[in-house]
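>>> Model the structure of this input:
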Amino acid sequence: MIVKDIEYSKNFCKDLKKLPIEIKKRAIKIERIFKANPLHPSLRLHKLNGKLKEFWSISVTIDYRIIFVRTDNGVIIFFSIGKHDIYEK
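Residues are numbered from 1 along each chain as shown. Next up, the predicted model:
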């Protein structure tokens, strides 16, 4: 997977603002890792199934995830961040 750029949906920005500061800091660190090596094992990158089949997920912590989509030109759009229940949004 190639990451040319990362963009943020309004939903992602809204979700991020609600998170505890330590999770925000961890999310920034995870984004740096993702940009440098999207296949880094600590990210636990995986494609989602079912109604979210066009989305991918990476782990911020054991409880928090970032859900994103990949465009054909290598741009990643972070769609949502939160606990496991974000899969139900």
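
>>> now the residue nearest in space to the middle of the chain: how far from Ile58?
The chain has Ile66 as the residue nearest its centroid, 2.6 Å off, counting by C-alpha atoms, centre = their mean. Using C-beta to C-beta, to the nearest Å, one obtains 5 Å as the distance from Ile66 to Ile58. In this view, the C-beta of every residue, glycine as well, is placed from N, C-alpha and C.

>>> for Gly50, same thing?
18 Å.

>>> who's more crowded, those two?
Neighbours per residue, other C-beta atoms under 10 Å: of Gly50 and Ile58, the larger number sits with Ile58, 24 against 6.

>>> where does the more buried one fall, phi/psi-wise?
Ile58 adopts backbone torsions of phi -130, psi 150, taken as degrees, to the nearest 10.

>>> Would you mark the buried spots in the helix or strand containing Phe68?
Using DSSP states H and E, Phe68 falls within strand 64-70. For strand 64-70, burial by neighbour count (16 or more other C-beta atoms under 10 Å) applies to Tyr64, Arg65, Ile66, Ile67, Phe68, Arg70.

>>> what lines up beside the helix or strand following that strand in the sheet?
Downstream of strand 64-70, the next assigned helix or strand under DSSP H and E is strand 75-83. According to DSSP bridges, strand 75-83 forms sheet pairs with strand 5-8 (parallel), strand 64-70 (antiparallel).

>>> Which one, of these, ends up nearest to Lys24?
Comparison of the strands paired with strand 75-83 against Lys24 by C-beta to C-beta identifies strand 64-70 as nearest, at 10.1 Å.

>>> what does that closest one rub up against?
The contact list for strand 64-70, computed with C-beta atoms under 8 Å, 6 or more residues apart in numbering, reads 1, 12, 19, 23, 26-27, 30, 48, 52, 54-60, 76-84, 86-87.
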